[in-house]
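Asker: Provide a 3D model corresponding to the input given below.
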Amino acid sequence: EMRRRTIWERISLPHRRNQARPYVTSLLVVLAVARVCGANGQPASVVSPSKTGALPVGIYSKPLFRDFMGINGHFTFKPELYRQVGGWVRNYHNVNWDVKQPGDAITLPVCVNKVNWKSDVYGRWQKAGFETDICVQFSGFQTDVTDYQRFWIGQEQWCYDYGKAMAICFGPSGKDKLCTSIEIGNEPGAKFDRALFKSIFKQMAQGIRDGDPKIKILTPAVQARPGDDYSQDVRGLYGEPEILPLYDVINLHTYAVVERKNVTESPWHRSYPEDPSIAYLRVIDEAIEWRDRNAKGKEVWITEFGYDACTPEAMKRREGWFLKLDWQGVTDLQQAQYLIRSFLVFAERDVKRACLYYYDDNDSPSVHGCSGLTRKFAPKLSFWAVKQLYETLGDYRFRRIVKKAPGDLCVYEFARGDDSSQVIWVAWSPTGARTNEQDRYESRERKTTLNDLPALPTRILGMATTSGDAPKPTWEKSGPSAITLTLGESPVYLIMGGS
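Answerer: Residues are numbered from 1 along each chain as shown. Model (predicted):
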């Protein structure tokens, strides 16, 4: 299975005390609605902050970056190392580790392979300060196995019991509080029998709800377009009235795939995040649009996105279809650039969380074989870039787009959560190369003047790619609230307002 991973497969109002209060309350509601809505009752757009530094209405729905950024892990995850790059981790939790097959006795937290999820995995991650999302994965009991349906026939009660046991054992209402969310399936895809998956999902979700109602329940990977081998069509099952109350989060996987023109082309070409010709961002926008029409109140998370980057030495070891179809990854520098820029363009959208893939790799020249922030646990350039993003914007949330000119310039503004007068602009050139075209590509940079800054920067930092100090780009004042500097495809942080 060529795309699949080389990993292990994780108001209310107070009681009225006098007759005047209803009228006061009504007035407050009218004022609040008037403030949130613009003309004709439509939502007001995000605008520039006032001179007082006040945040635009609705900005508090945006997450702080420390809550936004996550990383995919697994059994060999080193929590102390990766705590530098994020605050929550997603684990591929295989059902076939817990039981030999559905219907067997559930002995959580101890697995049939003798792994203890509490002491060997989730407890260690929690001790390091991580919040954990558990992705229940059906490998061995889904379409990767012939006649997979036989494992699930007559197991409705077991599915409920398993979901409830997971919630009680790991949920935030329990003693150990080892997870806050559970995904029912990773990528069962469109090939999984729909009626059967509906039964599994419904029973497990109800078990989780009954075991710990504080747990957020995620769909498996979905998209608001016809399903494929990896994502289900959210517009079907997850819009049904009996299923809507059973989940909280619409779960997306998105990769910067270049659609091939014919079967002789590699299916693995990748592009830069802002490339308008690919579906990387469109699948997110489509899912949000569907949610707004059909599943109001559900959050949207991206639990997988990433870029492969291996060494030149590894490229010499390509074999099989990866050699025949000329698989290529991005460079280490591009991986760093594209991951950071992905987080930034995701933050612009109504996305609550984004979880990069992957924590580590063995420098394997294949799809998902070299997506790690580390290579054999040695940090790549991307590790330092993501660490810098987490540390620099961790206490900040997206506020507005200052400028978005495709193929030319992106400038986004972020405001500190506890003091909106502290502002950071992030600026970059939204350009790059497709993996099959990078040999003849020259990265873009040019001298740029940024106008109407809230204040002159106290610091300007280039994207970090080492453990040392980040680059400090030179700049010059070119007006009362303008500066000129050279910008390229590596994001630059302009720190203002006492940050």
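Asker: how far out from the middle of the chain is stretch 250-261?
Answerer: Taking C-alpha atoms, centre = their mean, to the nearest Å, the mean C-alpha location of stretch 250-261 is offset from the chain mean by 13 Å.
Asker: Spatially nearest residue to residue 105, not counting backbone neighbours?
Answerer: Once flanking residues are discounted, residue 105 sits nearest to residue 99: 7.4 Å by C-beta to C-beta, 6 or more residues apart in numbering. Just so you know, the C-beta spots here come from the backbone N, C-alpha and C atoms, and that holds for glycine as well.
Asker: Repeat that for residue 362.
Answerer: Sequence neighbours aside, residue 376 is the residue nearest to residue 362 in space, at 6.1 Å (criterion: C-beta to C-beta, 6+ apart).
Asker: Next, the contact list for that neighbour, please.
Answerer: With contacts defined as C-beta atoms under 8 Å, 6 or more residues apart in numbering, the neighbours of residue 376 are 360-363.
Asker: Among the residues you listed, name the buried ones.
Answerer: Among the contacts of residue 376, those scoring as buried are 360-361, 363 (criterion: 16 or more other C-beta atoms under 10 Å).
Asker: does residue 472 sit in a helix, a strand or a coil?
Answerer: Assigned with DSSP: H, G, I helix; E, B strand; the rest coil, residue 472 falls in the coil class.
Asker: Show me the helices in the stretch 151-300 of the chain, by range?
Answerer: In the stretch 151-300 of the chain, helices defined by DSSP state H, counting those that start in this stretch lie at 156-170, 194-211, 282-294, listed in chain order.
Asker: Can you tell me which of those is nearest to residue 451?
Answerer: Of all those, it is helix 282-294 that lies closest to residue 451, at 28.6 Å by C-beta to C-beta.
Asker: could I get that closest one in PDB with only the CA atoms?
Answerer: Taking Å, rounded to 0.1, in the frame of the first residue of the first chain, the C-alpha atoms of helix 282-294 are listed here in PDB:
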ATOM      1  CA  ARG A 282      -9.400  23.600  -0.300                       C
ATOM      2  CA  VAL A 283     -10.300  20.400   1.500                       C
ATOM      3  CA  ILE A 284     -10.200  22.400   4.800                       C
ATOM      4  CA  ASP A 285     -12.300  25.200   3.400                       C
ATOM      5  CA  GLU A 286     -14.800  22.700   2.000                       C
ATOM      6  CA  ALA A 287     -15.100  20.900   5.400                       C
ATOM      7  CA  ILE A 288     -15.600  24.100   7.300                       C
ATOM      8  CA  GLU A 289     -18.300  25.200   4.800                       C
ATOM      9  CA  TRP A 290     -20.100  21.900   5.200                       C
ATOM     10  CA  ARG A 291     -19.800  22.100   9.000                       C
ATOM     11  CA  ASP A 292     -21.300  25.600   9.000                       C
ATOM     12  CA  ARG A 293     -24.300  24.400   7.000                       C
ATOM     13  CA  ASN A 294     -24.900  21.000   8.500                       C
END
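Asker: now it, how far from the chain's geometric center?
Answerer: For helix 282-294, the separation from the chain centroid amounts to 16 Å (computed by C-alpha atoms, centre = their mean).
Asker: tell me what it is packed against?
Answerer: Using 3 or more C-beta pairs under 8 Å, 6 or more residues apart in numbering; DSSP states H and E as the contact test, the elements touching helix 282-294 are strand 216-223, strand 249-253, strand 299-305.
Asker: Save these as JSON lines, and put in mean pLDDT too.
Answerer: As requested, those are exported to JSON lines (pLDDT from 0 to 100):
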{"stretch": "strand 216-223", "mean pLDDT": "98"}
{"stretch": "strand 249-253", "mean pLDDT": "98"}
{"stretch": "strand 299-305", "mean pLDDT": "98"}
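Asker: dump the residue contacts of residue 66.
Answerer: Applying C-beta under 8 Å, 6+ apart to residue 66 gives the contacts 87, 390, 394-395.
Asker: looking at the helices of the stretch 151-300 of the chain, which is closest to residue 308?
Answerer: The minimum distance between residue 308 and those falls on helix 282-294, with 19.2 Å, by C-beta to C-beta.
Asker: Would you mark the buried spots in the closest one?
Answerer: 283-284, 286-288, 290-291.
Asker: just stretch 198-218 next, same as before
Answerer: For stretch 198-218, a neighbour-count test (16+ other C-beta under 10 Å) marks 198-209, 211-212, 215-218 as buried.
Asker: Just the CA trace of it, in CSV.
Answerer: What follows is stretch 198-218 as a C-alpha-only set of coordinates in CSV (Å, rounded to 0.1, in the frame of the first residue of the first chain):
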residue,chain,number,x,y,z
LYS,A,198,-21.8,3.2,11.2
SER,A,199,-22.6,0.4,13.7
ILE,A,200,-19.1,0.4,15.0
PHE,A,201,-18.9,4.2,15.3
LYS,A,202,-22.3,4.5,16.9
GLN,A,203,-21.6,1.9,19.5
MET,A,204,-18.1,3.0,20.4
ALA,A,205,-19.1,6.7,20.5
GLN,A,206,-22.0,5.9,22.8
GLY,A,207,-19.7,3.9,25.0
ILE,A,208,-17.2,6.8,25.2
ARG,A,209,-20.0,9.2,26.0
ASP,A,210,-21.3,7.0,28.8
GLY,A,211,-17.8,6.3,30.1
ASP,A,212,-16.7,9.9,30.3
PRO,A,213,-18.8,12.7,28.7
LYS,A,214,-15.8,15.1,29.0
ILE,A,215,-13.9,13.4,26.2
LYS,A,216,-14.1,15.0,22.8
ILE,A,217,-15.0,12.4,20.1
LEU,A,218,-13.5,12.8,16.6
